[in-house]
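A.B. asks: here are the coordinates; sequence isn't available:
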């Protein structure tokens, strides 16, 4: 039992947790306004698993704790092709759109704000992205997650199309 608990602690400690946005929100009540904080967090293991969540509380530390717990529970596996995405995809959420494109090794992460945080936490090292539409941090992050959910494994794509795996991989990996 002790070894299992230690493994869980090690696994939890190696997660990449990033606070993206802290916003003060207000609830109007009979006596005036009640202020609280909304924190948006991304959690990933840098190996193909990532989660995004928000937490609300009257104090910032409580909101951060709630958001991190929720993001850990919401972690999802995403498709990796080496250090990039297997194919181009557009993720949408509300009025935000995020374009994710594969990039050759050595390119780095070309992304800004919430997109960069989600992409790096997921474990991508070479990717091109463009944020279109709404610039709301929460919507952009959710659009990025939508794009990552749409990604398919290149082996599955090859099988669906009845082609060789080399024909559906990005051009620089074909050797």
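C.D. replies: Cool, got the structure. Note that the structure is predicted; figures quoted are calculated from it, not measured. Numbering: from 1, shown residues only.
A.B. asks: For the residue nearest the centre of the chain, list the residues it contacts.
C.D. replies: Geometric centre of the chain, nearest residue: residue 118, 3.2 Å, by C-alpha atoms, centre = their mean. Contacts for residue 118 (C-beta atoms under 8 Å, 6 or more residues apart in numbering) come out as 42, 44, 50, 52, 141, 144, 145, 148. For glycine as for every other residue, the C-beta is placed from the backbone atoms N, C-alpha and C.
A.B. asks: Next up, phi/psi of it, please.
C.D. replies: With angles defined as degrees, to the nearest 10, residue 118 sits at phi -70, psi -40.
A.B. asks: How much space separates the residue lying farthest from the centre of the chain from residue 62?
C.D. replies: For the chain, the largest distance from the centre (C-alpha atoms, centre = their mean) belongs to residue 31, which lies 39.3 Å off. If you measure residue 31 against residue 62 using C-beta to C-beta, to the nearest Å, the figure is 22 Å.
A.B. asks: How about residue 112?
C.D. replies: 29 Å.
A.B. asks: pLDDT score assigned to residue 9?
C.D. replies: For residue 9, the pLDDT comes out at 49.
A.B. asks: repeat for residue 133
C.D. replies: For residue 133, pLDDT reads 93.
A.B. asks: hang on, it packs against residue 91?
C.D. replies: No. At 11.0 Å, residue 133 does not count as touching residue 91 under the criterion of C-beta atoms under 8 Å.
A.B. asks: Between those two, point out the one with more neighbours.
C.D. replies: More crowded of residue 133 and residue 91, by other C-beta atoms under 10 Å: residue 91, with 24 against 15.
A.B. asks: which residue sits closest to the more buried one, ignoring its sequence neighbours?
C.D. replies: Nearest in space to residue 91, with sequence neighbours left out and distances taken as C-beta to C-beta, 6 or more residues apart in numbering, is residue 147 at 2.6 Å.
A.B. asks: quick one, helices of this protein?
C.D. replies: 2-13, 60-73, 113-122, 137-150, 154-161, 165-168 (DSSP state H).
A.B. asks: list the helices and strands the second one packs on?
C.D. replies: So that's helix 60-73. In terms of contacts (3 or more C-beta pairs under 8 Å, 6 or more residues apart in numbering; DSSP states H and E), helix 60-73 is packed against strand 16-29, strand 32-44, strand 49-57.
A.B. asks: For the first one, buried residues please.
C.D. replies: Of all the residues in strand 16-29, those buried under the rule 16 or more other C-beta atoms under 10 Å are 18, 20, 21.
A.B. asks: measure the spatially closest residue to residue 107 that is not a sequence neighbour to residue 39 for me?
C.D. replies: Of all residues not flanking residue 107 in the chain, residue 126 sits nearest, at 4.5 Å (C-beta to C-beta, 6+ apart). Going from residue 126 to residue 39 by C-beta to C-beta gives 30 Å.
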